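Q: Build me a model from this:
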Amino acid sequence: MENTKMLPNEGLFDRVYGLFEILKKLPPQLSEDELEGLLKVLPPDSANSMQALLKPSIQQASLTFLSMLTTALEETRNAKKNGKKVILVPFNFPPEIVHAFDNLAPITTEVLTTLGVVALEGQGERYWEYAMGLGLPDHLCSANTIDLGSTLTGIDFDPDAIISGCVGSCDVNSKTHEFVSALLGLPQIPLEKPTDDTARGFEFFKKNYYKMISQLEKLAGEELKEENLRVVAEKANRCTELYYDIWEMKKQVPCPVPGIFSLFVCASRFSMWGRDEAIRTLEDCLQVAIRNYESEEYRDRGEVARVVWIYLSYYFDFVNFYDWMENKRISNMGDALQLAFPEPLDLSTRESILDGMIKSAWNNVMTRQMGAYSMSAQWVEDIIHVIKEFDVNGAIYCGHHSCKQTWSIFSIARSEVLKRTGVPTLGLQGDSWMKNMTPIGVIQEEIEQFVNNVVIKKRGRRRRKKS
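A: Alright, predicted model coming up:
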């Protein structure tokens, strides 16, 4: 692995952790002058993200969110000296079960990639290029390849095992994890979901989940304790309650939930669900939304459109994505990463808690849609549900370059959404985590033309017809 100019101690994890160590020292509230001073000492890419994250209107939730992520990073960094093992998990794997072990710490591949893209100068490009230099194909998903590319350098943190939760739903993701597992000699624990959506298929998945628990127990050197499981389940239920409180707030007009909060909610779901840190993050997101809802000044701003992303969003430029849409009064209702639909866990017995966790994994984002018997049918049903729930009048497909499975059925999804809801869908192309494929200015132009020339005009025609 000599085909890189990277120096020791420049792995993605260490660099992200170093920046978060600085952010950890921030006061509970930053004044505008303090924020301006911070932005001046940060590299441009980092400053761009912090400008959006730490603006006064959302700072209450942002600082709690950053604290949550700092805790996740610290637990990963200190795992070995605390006698714990680090489990690398994908975004579609609910981490509650790992949090229930005393001797395990989960860290999510795609969350690490996103942190690298958001927080680091040069974003994740050097780690992507390193993976490409090893001969990996460029049609891989940047969401996991950026972090795993850093892992492959040998100068990043070393996980102790990998849970592969995308078997049956995302071949690119599962094969990338499999490659890293084989190359580094890491144990891989697959959790396969069949495309059989009947009770028979669920029983097969359930057996695989219990097999995974046995493997985790062996790795951790401990049995899964019911008392630990119950504590995590109770906190997961509180997370679920807050999740739907925020969901209900999105139904208000104008939407009082800032678009970037969808990212906060998803990151909480992917990394710290069932933990106090996630509860505090969701509580603060809800408080900001309530404050906006009760603000006459905020309501007077109104909105020109309510847009949902039917697959992924773009995560490489917060100011020119989330803030730009907000300034244009386009309510960003979130993306398909919110299509997990968590349910409260039955706390009656150990078995009932585990049954609920298994159901959560079965219904988690992407596993639920792309691992279904009919990918197009389930994806479309979930999209239409969100469109109707939030009274959306415009949908956008980001066209992430790696997700060939969604490209294969995009035309079906767009036609069905239009036929059943009357909502038009804009199709874009680009990489959600890398700015080099489609510049943010091009994305802005496409969105603005779509909203002005299609969404608003279509809404106006419909209103005139009713009158």
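Q: Now do the same for the residue nearest in space to the middle of the chain: its pLDDT.
A: In the chain, the centroid-proximal residue (C-alpha atoms, centre = their mean) is Cys266; its distance is 4.3 Å. Looking at Cys266, its pLDDT stands at 96.
Q: and what of the one 3 residues further on?
A: Arg269 is assigned 97 on the pLDDT scale.
Q: Equivalent analysis for the one 10 residues further on, please.
A: Reading off the confidence values, Ile279 has pLDDT 98.
Q: Report the separation between the closest residue to it other than its chain neighbours and Glu226.
A: Counting by C-beta to C-beta, 6 or more residues apart in numbering, Ile279 lies nearest to Arg238, which is 5.3 Å off, once chain neighbours are set aside. In this view, the C-beta of every residue, glycine as well, is placed from N, C-alpha and C. Distance, Arg238 to Glu226, using C-beta to C-beta, to the nearest Å: 19 Å.
Q: Tell me which residues are up against stretch 365-377.
A: 91-92, 165-166, 168-170, 193, 195-197, 336-341, 361-362, 378-379, 382, 405-406, 409, 412-413, 416 (C-beta atoms under 8 Å, 6 or more residues apart in numbering).
Q: what about 7 Å?
A: 92, 168-170, 193, 195-197, 336-337, 339-340, 361, 378-379, 382, 405, 409, 412-413 (C-beta atoms under 7 Å, 6 or more residues apart in numbering).
Q: Tell me how many other residues surround the residue nearest to Ile279.
A: Neighbourhood size, Arg238 [other C-beta atoms under 10 Å]: 16.
Q: Quick check: which element contains it?
A: helix 226-249 (DSSP states H and E).
Q: what's the offset of that helix from the middle of its chain?
A: 18 Å (C-alpha atoms, centre = their mean, to the nearest Å).
Q: So Leu312 versus Thr438, what's the distance?
A: On the measure of C-beta to C-beta, Leu312 and Thr438 end up 13 Å apart.
Q: could you pull out the strands for the stretch 1-150 of the chain?
A: With DSSP state E, counting those that start in this stretch, the ranges of strands along the stretch 1-150 of the chain come out as 85-89, 104-108.
Q: got those as CSV, with distance to Leu42 columns?
A: Below are the strands of the stretch 1-150 of the chain laid out as CSV (distance: least, C-beta to C-beta, whole Å):
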stretch, distance to Leu42
strand 85-89, 28
strand 104-108, 24
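Q: okay if I get these as a markdown table plus mean neighbour count and mean pLDDT?
A: Listed next are those as a markdown table, based on neighbours: other C-beta atoms under 10 Å; pLDDT from 0 to 100:
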| stretch | mean neighbour count | mean pLDDT |
| --- | --- | --- |
| strand 85-89 | 25 | 95 |
| strand 104-108 | 24 | 96 |
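Q: right, and these - which one's nearest Val253?
A: When those are compared by C-beta to C-beta, strand 104-108 sits nearest Val253, at 33.5 Å.
Q: Secondary structure element for Met357, which one?
A: Using DSSP H and E, Met357 falls in helix 350-362.
Q: Can you give me the buried ones in that helix?
A: Ile353, Leu354, Asp355, Gly356, Met357, Ile358, Lys359, Ser360, Ala361, Trp362 (16 or more other C-beta atoms under 10 Å).
Q: Likewise for stretch 36-44?
A: For stretch 36-44, by 16+ other C-beta under 10 Å, it's Leu38, Leu42.
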